[in-house]
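1. can you look at this prediction? I've put the sequence above it.
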Amino acid sequence: MSEAADQCLGYDLYRPVLCGTWILNPVKAPIPTRHEVWDHKLVKLRVISTIEKTSDDRGIEWHLSISIGGKYPGAWGIAKVRNEFKAHEFELDDHGSRVAHLWLPVERDKRGDCDCNTAESGQEREG
């Protein structure tokens, strides 16, 4: 395990509050960080919850990757995950990706807009 991964071991992953509607999928994503894959029972929403040491000055961050049927989840899917994971403080930062990415630094003093978002509109795109 890398030094960056070792730094993340003492933190819990973000999980849905409404566990009855989300299923922890035993399938692991092909990523090197500690993670969990959550699937919604009624819609095709999938969330990969990780905790990562980023390369910038924001330190260790919680990271939620969201897709619906393998595609961008749109504003509705992002809002549903924000509500059901209690991830309202997370920043959307997807850079045109096929999935939505929500990020939140573990340390409160590191929170705020990341440098990559200052030049962007900050609006969530429709999927």
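-> Thanks, I have the structure now.

2. all helices of this structure, in order?
-> 3-7, 74-84, 115-118 (DSSP state H).

3. quick one: average pLDDT of the first one?
-> Spelled out, that is helix 3-7. For helix 3-7, the mean per-residue pLDDT is 45.

4. in this protein, which spans are strands?
-> 22-25, 35-40, 45-53, 60-68, 91-92, 100-105 (DSSP state E).

5. let me have the ones you listed in a markdown table, extended by mean pLDDT.
-> As requested, the strands of the chain are exported to a markdown table (pLDDT from 0 to 100):
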| stretch | mean pLDDT |
| --- | --- |
| strand 22-25 | 90 |
| strand 35-40 | 92 |
| strand 45-53 | 90 |
| strand 60-68 | 92 |
| strand 91-92 | 92 |
| strand 100-105 | 92 |
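
6. reformat those strands as JSON lines; add distance to Gly74.
-> Glycine gets a C-beta too; all of them are placed from N, C-alpha and C. Below are the strands of the chain laid out as JSON lines (distance: least, Cβ to Cβ, whole Å):
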{"stretch": "strand 22-25", "distance to Gly74": "19"}
{"stretch": "strand 35-40", "distance to Gly74": "14"}
{"stretch": "strand 45-53", "distance to Gly74": "11"}
{"stretch": "strand 60-68", "distance to Gly74": "7"}
{"stretch": "strand 91-92", "distance to Gly74": "12"}
{"stretch": "strand 100-105", "distance to Gly74": "8"}
